[in-house]
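>>> pasted the sequence and its predicted model underneath.
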Amino acid sequence: MDIPILFLNLGGSEIMLILLVVLLLFGSKKIPELARGLGKGIREFKDATQGIQREIEKGMNETEEVIEKDTTAKPPAPKPYVPPQSVARRDDDEPEEAEQTEVKEPTEKKPDEEEEKKEE
């Protein structure tokens, strides 16, 4: 009874020796409890891997649905072309001179003029 893949090249006699040592260390009452715990652990591991696999498949299906919706939907209508307003000056145009307004400075009134206005 030689099972090299499962037990890392251990022969039948080596496996029997290991099982005997486990029986002596843990006793006949603890071995079933250990086996139940090991079974529960393996079952939880399988459930977790199946749950992850379902989540991945669900995500893939949702992605496929979104892609199908995008490919069946009509693309938005293109916006009409509106040329930009040109502000560039052509060579044949004369440059416009800016109108300059004269700023009048306030003149100081002479005291005589102020008195004349008050008398009126």
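Here it is on my side, so go on. Numbering: from 1, shown residues only.
>>> grab the longest helix from the chain for me.
Criterion DSSP state H: the longest helix present in the chain is helix 12-72.
>>> just the mean pLDDT for that helix, thanks.
Throughout helix 12-72, pLDDT has a mean value of 89.
>>> counting contacts, what elements does that helix pack onto?
The criterion is 3 or more C-beta pairs under 8 Å, 6 or more residues apart in numbering; DSSP states H and E, and there are no helices or strands that helix 12-72 contacts. To be clear about C-beta, it is placed using only N, CA and C from the backbone, and glycine gets the same treatment.
>>> make 28 the starting number, not 1.
Yep, numbering from 28; the last one is helix 39-99 now.
>>> three-state assignment of residue 106?
Assigned state for residue 106: coil (three-state reduction, DSSP: H, G, I helix; E, B strand; the rest coil).
>>> quick check on it: phi, psi?
In terms of degrees, to the nearest 10, the main-chain angles of residue 106 are phi -80, psi 140.
>>> now what about stretch 65-77, what contacts it?
Under the contact criterion C-beta atoms under 8 Å, 6 or more residues apart in numbering, stretch 65-77 has no outside partners.
>>> could I have the CA atoms of that stretch written out in CSV?
Taking Å, rounded to 0.1, in the frame of the first residue of the first chain, the C-alpha atoms of stretch 65-77 are listed here in CSV:
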residue,chain,number,x,y,z
LEU,A,65,-11.4,18.7,11.0
GLY,A,66,-14.6,17.8,9.0
LYS,A,67,-16.3,21.0,10.0
GLY,A,68,-13.3,23.0,9.0
ILE,A,69,-13.1,21.3,5.6
ARG,A,70,-16.9,21.9,5.1
GLU,A,71,-16.6,25.6,6.0
PHE,A,72,-13.6,26.0,3.7
LYS,A,73,-15.6,24.4,0.8
ASP,A,74,-18.6,26.7,1.6
ALA,A,75,-16.4,29.7,1.6
THR,A,76,-14.8,28.8,-1.7
GLN,A,77,-18.2,28.1,-3.3
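>>> buried residues, that stretch. List them.
For stretch 65-77, the neighbour count (16 or more other C-beta atoms under 10 Å) marks no residue as buried.
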